[in-house]
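Visitor: need a 3D model of the sequence below.
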Amino acid sequence: MRMKSLVACTLTFAALSVVACGGETPPPETAPVPPAEPTPAPQAMNEAPQSSSMEPKKEEPAPAAKKAAKEVLMAEGATFMYSLSDSTDAKQLATTNCEKKSKKDEKKKDTCLQEQMAAAEKEGIRFEKTKEGKWAWVSFGKDKKDNEVVYNKITVNVASEDASKVTLTPEGKDEGKKPLKPLPKSLTLEVPDETTVVMTDEKRGKLVFKKKLRFS
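Guide: Just a heads-up that it's a prediction; the model follows:
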């Protein structure tokens, strides 16, 4: 009986190749697959390299100190030219006068105002040293031949000053071609910045002067 059973199993295995004697054929053993190693995340292209904490910090330059009003006004060669376009009250007065002269003729009014502007550009102020070593305030303009004419030249003393304003007191007499009579008791010049001077005139209001560039 044992021999028959063994032969039957052998024939069955050869014919079907799937059934083993006594049960199913066990699946072939498979080698275990090792787990994949984690891929390191690529470094961001925009990531800046960390700077060393030992690197010294760069110090920013300190801003330049603003010049005092007296220093701006009495700097060597400093000249300030009259700007009618920036002098609101004086410009309005000039416009009114031109309107009266032109008798509502717009073309004549514009021509008159342009002439006023051109004449104003030739007027200016500056400070000069006197023979006695004092300061003189000078105002000037141009004649028809474009020659300089000194309208006023008054020796002055500094009565008071701060960062943006200087008050002067005249002494002696006005030596200019158009002397002020009587001399004002004081003369105040405001300096809002290093290129601008503002004076107040009793009739024309605040007069604005702009620093003349050396190459102009």
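
Visitor: going by C-alpha atoms from here, please, whenever you check contacts or count neighbours.
Guide: Noted.

Visitor: hmm, who's touching the longest strand seen in the chain?
Guide: The longest strand of the chain (DSSP state E) is strand 148-162. Strand 148-162 has contacts (CA atoms under 8 Å, 6 or more residues apart in numbering) with 68-70, 130, 134-143, 166-180.

Visitor: name the spans of this protein whose pLDDT lies under the cut-off.
Guide: In the prediction, the chain carries residues with pLDDT under 70 at positions 1-59, 61-65, 214-216.

Visitor: all helices for it, in order.
Guide: For the chain, the helices defined by DSSP state H cover 2-16, 69-73, 88-102, 106-120.

Visitor: go through the ones you listed and pick out the most buried.
Guide: Comparing the helices of the chain by mean neighbour count (mean count of other CA atoms under 10 Å), helix 69-73 ranks first with a mean of 20.

Visitor: okay, that one in CSV with CA atoms only?
Guide: The C-alpha coordinates for helix 69-73 follow below in CSV (Å, rounded to 0.1, in the frame of the first residue of the first chain):
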residue,chain,number,x,y,z
ALA,A,69,23.0,130.4,9.8
LYS,A,70,25.9,132.7,10.3
GLU,A,71,28.3,130.2,8.9
VAL,A,72,26.1,129.9,5.7
LEU,A,73,25.7,133.6,5.3
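
Visitor: which outside residues touch it?
Guide: Helix 69-73 is contacted by residues 78, 126-127, 161-166, 190-191, 194 when judged by CA under 8 Å, 6+ apart.

Visitor: which of those residues fall in strands?
Guide: 126-127, 161-162, 165-166, 190-191.

Visitor: ranking those by neighbours, who comes first?
Guide: Counting neighbours by other CA atoms under 10 Å, residue 191 comes out on top of the ones in strands among the contacts of helix 69-73 with 24 neighbours.

Visitor: quick one: contacts for that one?
Guide: Residues in contact with residue 191 (CA under 8 Å, 6+ apart) are 69, 72, 164-165, 197-198.

Visitor: residue contacts, residue 68?
Guide: Residue 68 is in contact with 162-164, counting by CA under 8 Å, 6+ apart.

Visitor: repeat that for residue 209.
Guide: By CA under 8 Å, 6+ apart, the residues touching residue 209 are 80-83, 124-125, 196-198.
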